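**Q** could you work out the structure for the sequence below:
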Amino acid sequence: MKTKTFQPYETFAAKDGRKVVLRPIRWEDLDDCIEFINSLVDEGAEILRDTRVSREEEAEWLGSRLARIEKGELIDVVAEVDGKMIANSEVEKRSGSMSHVGYLGIAIKSGYRGIGIGTKIMQTLIKKSKKAGLKILVLDVHDTNQTAKALYKKMGFREVGRIPKGIYKKGKYIDLVRMTLEL
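**A** You can find the predicted model right below:
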């Protein structure tokens, strides 16, 4: 297990009893980030990315992400179980006349869905978004991702629109659903 120094946002037991730590992302997470995103790609998860990442690509992504967090442009929450990252999430703050709006994204590794981790991450993101002065959260979800849509509805998000055939994956078109939450 890696030596980690950070202040967790929250520690809780998932519905299956596993201990989950919600915390900020760090540079030391690079190897976990690579394994995490590539596991989602290999699974064919309902995310926008469909190709594996290289170490160089992920290092560039993580460096940019940490810089944006430092500037206050991004809120990031990762979930860790047994010292490994099993979920990553974000709220990207918009700027200018949309500075009250944040775009939310969340992904959870297979084997860790449906046990309360997504709910806790969403609660943390909503709380941090309010503290950051955001008034509206927006997210996009594949229309076929019933589990995610149920979580978002439970958290108070409502569908406000869709892009018919907005996603092309595995040879078929899927509607992209836009949902919002007023904070």
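**Q** just the helices in this protein please.
**A** Assigned by DSSP state H, the helices in the chain fall at 30-43, 55-70, 117-131, 146-154.
**Q** could you say which of these is packed most deeply?
**A** Per-stretch averages of neighbours, counted by mean count of other C-beta atoms under 10 Å, single out helix 117-131 among these, with a mean of 18. In this view, the C-beta of every residue, glycine as well, is placed from N, C-alpha and C.
**Q** touching that one from outside, list them.
**A** Residues from elsewhere that reach helix 117-131 (C-beta atoms under 8 Å, 6 or more residues apart in numbering): 9-10, 12, 14, 20, 22, 75, 77, 79, 86-87, 89-91, 102, 104, 106, 108, 137, 148, 151-152, 154-155, 181, 183.
**Q** switch to 7 Å and redo it
**A** Helix 117-131 has contacts (C-beta atoms under 7 Å, 6 or more residues apart in numbering) with 9-10, 12, 14, 20, 22, 75, 77, 79, 87, 89, 91, 102, 104, 106, 108, 137, 151, 155, 183.
**Q** which ChimeraX command selects the buried ones in the residues you listed?
**A** In ChimeraX syntax, the buried subset of the contacts of helix 117-131 is picked out as below (16 or more other C-beta atoms under 10 Å):
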select :9,14,20,22,75,77,79,87,89,91,102,104,106,108,137,151,155
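**Q** okay if I get the helices of the chain as CSV plus distance to residue 49 and mean pLDDT?
**A** Formatted as CSV, the helices of the chain follow (distance: least, C-beta to C-beta, whole Å; pLDDT from 0 to 100):
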stretch, distance to residue 49, mean pLDDT
helix 30-43, 6, 95
helix 55-70, 10, 96
helix 117-131, 19, 97
helix 146-154, 15, 94
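**Q** just put those helices in TSV and tack on distance to residue 171.
**A** Listed next are these as TSV, based on distance: least, C-beta to C-beta, whole Å:
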stretch	distance to residue 171
helix 30-43	17
helix 55-70	25
helix 117-131	28
helix 146-154	20
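**Q** perfect, I'm done here.
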